[in-house]
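Undergrad: model the structure of this input:
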Amino acid sequence: MNRELIEALVMVEKEKGIAKDVLIEAIQSAISSAYKKDQGKNSNLKVVLDPETGEFHIYTYKEVVMEVEDENTEINLAEAKSIDPSYQLEDQVEFEIRPKEFGRIAAQTAKQIIVQRIREAERSLIYDEYSSRLDDLITGTVRRFEQRTVYVDLGKTEAILPSHEQIPGERFEHGNRIKAYLAEVKKGSKGPQIILSRARNGFLKRLLEFEVPEIQEGIVEIKNVAREPGARSKVAVYSKFDHVDPVGACVGAKGSRVQMIVRELKGEKIDLILWDEDPERYITRALSPAKVSEVVLFASKKSSIVVVPDNQLSLAIGKEGQNARLAARLTGWKIDIKSETQAEEGRAEIEALLEEEENLKPQTYAWEDVLGGEEEVLAPVEADLTTDEREDVEEEEESWAEETFSDEEFEEEEIFVPESTEEEVFPEEEGTNKKTKKRSKKRVKELFDEVEEGIDLFIDTSSAPETEQPETAIEEDTELVFQEDEGSGFTIGQLLSEELKKKFSVNEDEKKKGKDRQTKRGKK
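TA: Residues are numbered from 1 along each chain as shown. Next up, the predicted model:
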């Protein structure tokens, strides 16, 4: 019996592709559940299956405690030490159980668990396999139909081809082998759900890769695909090498390669177009087989106006606008097609749109122009002058400086500052040198503060009594009122001149008086 079990596991592993370890784990879990259900006890069990002989052993574990409350899960410390003296409290003691044959219910439970675990493992394996093949080309056999939904046998599982993913008008028969594009893989309650498609752009792209070896090798690249299933498709291709024609490689000798794809797509027409970085050339080729006279681009809106000859207008638009619609999808630009007559009539509108587009562009300046402007400003003027002209310029500059910055003006605007702060020291204060130093420092600070804040040049010091010190005239702010007598007028310049004269004359008188007072004190 045990040998037969191992042989069965090996057979299932080959047929289903499920690893033997997964099957053994499923059997161990099934036996554990069956024993618990048969005995009616939720014991801490462990089932060990020997993968070589097929024999299995069941072990239960009990916790070491001082007082036993549940004999099924606990064991006394003294009893545990009799088994092994190394056991301590809260240790787990292992006991092997040799159960009798399971009943019918326990055996049925074990069978269900084993089957369920095998199915779960199989579904997980299928999901991992096909999810890794997403966006790939798959071949299968038509097995059955449900209304218009087609069920395709892939070997290990079954896939679905919905009606909206089929090419319009195609019909399938039971047993037909078909190619399809693996679009989606979903997890479901009954296993992975695999959805196929024959109407998506990826199907055409994979067919081209399958039929054209240059695409598989990376020599030719498919840039974009625009498709209306069953009717027409446009494919933009590009070659990394100049000596390889990508369109010719896809068409094949006498159209053999592209004809295979057309037959698979049930007669769908395919336009192969050479991709180009220039949008104007790309749009012109995308509208083939129609001839294009002019392409006007509006990059800000990513739209364009295409002008074609009058006899090419219907060909450029296509049946029900199909050609223009596919070209717009392929290029990613909005395309407005006009005949030459319509373009001439609406030329003013096109020019206005172009002017608006130019205004939206940011203004750019040449770097040389910017540097050139700075160089002109910074360049010395004397560089291009002759010797005589340079001497004339220097003379003019000297005369202008003398007229503008004369010493007399600076003398008039000179602000009076006392020559020394020692004048503030009086005889009665000579005994306190510290007070004298503090007073002199305070006076210097006040003078500097007044200079920084701006000394009022209009202080009326003429009416100040002789006994007052110059500092009172400077510290106290007095306003000078401007009055205009009847019949006499004055200007601001005249008033400023008179006030400056008064200011400096008073300062000179105060200096003399201060010196006389010091002389008298020295004699005393």
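
Undergrad: which of the helices and strands in this protein ranks last by mean pLDDT?
TA: helix 470-475 (a mean of 40; mean pLDDT, DSSP states H and E).

Undergrad: which element is residue 285 on?
TA: helix 279-286 (DSSP states H and E).

Undergrad: buried set for whichever helix or strand comes after that helix?
TA: Downstream of helix 279-286, the next assigned helix or strand under DSSP H and E is strand 294-298. Across strand 294-298, burial judged by 16 or more other CB atoms under 10 Å covers 295-298. Placement of C-beta: from N, CA and C, glycine included.

Undergrad: now swap in stretch 55-67 and tell me
TA: Judged by neighbour count using 16+ other CB under 10 Å, the buried positions of stretch 55-67 are 58, 60, 62-65.

Undergrad: ok, stretch 129-139 next?
TA: Quick answer for stretch 129-139 (16+ other CB under 10 Å): 130, 137-138.

Undergrad: just the helices in the stretch 1-150 of the chain please.
TA: 2-16, 20-39, 77-83, 104-131 (DSSP state H, counting those that start in this stretch).

Undergrad: one step back: and the buried residues of stretch 129-139, which is closest to residue 254?
TA: residue 137 (24.6 Å; CB to CB).

Undergrad: tell me the contacts of that closest one?
TA: Contact criterion CB atoms under 8 Å, 6 or more residues apart in numbering gives 179-182, 203, 206-207, 210 as the residues in contact with residue 137.

Undergrad: could I get these as JSON lines with neighbour count?
TA: As requested, the contacts of residue 137 are exported to JSON lines (neighbours: other CB atoms under 10 Å):
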{"residue": "179", "neighbour count": "15"}
{"residue": "180", "neighbour count": "25"}
{"residue": "181", "neighbour count": "23"}
{"residue": "182", "neighbour count": "22"}
{"residue": "203", "neighbour count": "26"}
{"residue": "206", "neighbour count": "20"}
{"residue": "207", "neighbour count": "22"}
{"residue": "210", "neighbour count": "16"}
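
Undergrad: which regions of the stretch 351-500 of the chain sit below the pLDDT cut-off?
TA: 361-500 (pLDDT under 70).

Undergrad: again, only this time at 50
TA: The stretch 351-500 of the chain contains residues with pLDDT under 50 at 370, 373-383, 401-437, 451, 454-488.

Undergrad: ok, the stretch 201-350 of the chain next?
TA: For the stretch 201-350 of the chain, no range has pLDDT under 50.

Undergrad: and the closest residue to residue 170 other than its chain neighbours, helix, strand or coil?
TA: Counting by CB to CB, 6 or more residues apart in numbering, residue 170 lies nearest to residue 266, which is 5.1 Å off, once chain neighbours are set aside. Here residue 266 is coil, with the state taken from DSSP: H, G, I helix; E, B strand; the rest coil.

Undergrad: all further residue positions should be reported with the first residue as 32.
TA: Happy to do that; since the first residue is 32 now, the last one works out to residue 297.

Undergrad: my guess is residue 297 meets residue 198, correct?
TA: Yes. Using CB atoms under 8 Å, residue 297 is in contact with residue 198, at 5.6 Å.

Undergrad: which residues do those two both contact?
TA: Joint contacts of residue 297 and residue 198 (CB under 8 Å, 6+ apart) are residue 261.

Undergrad: higher neighbour count, these two?
TA: Between residue 297 and residue 198, residue 198 has the larger neighbour count (other CB atoms under 10 Å), namely 17 against 14.

Undergrad: which SS class is that one?
TA: Assignment for residue 198 (three-state DSSP): coil.

Undergrad: of all the buried residues of strand 325-329, which comes closest to residue 344?
TA: residue 326 (14.9 Å).

Undergrad: contact partners for the closest one?
TA: Contacts of residue 326 by CB under 8 Å, 6+ apart are 310-311, 314-315, 335-338.

Undergrad: pull out the buried residues from the residues you listed.
TA: 310, 314-315, 335-338.

Undergrad: in this protein, where's the longest strand?
TA: strand 208-219 (DSSP state E).

Undergrad: and this structure, what are its domains?
TA: 33-156, 164-228, 307-392, 452-512+523-544 (automatic domain parsing).

Undergrad: turn the ones you listed into JSON lines, columns for distance to residue 248.
TA: What follows is the domains of the chain, written out as JSON lines (distance: least, CB to CB, whole Å):
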{"stretch": "domain 33-156", "distance to residue 248": "32"}
{"stretch": "domain 164-228", "distance to residue 248": "17"}
{"stretch": "domain 307-392", "distance to residue 248": "22"}
{"stretch": "domain 452-512+523-544", "distance to residue 248": "84"}
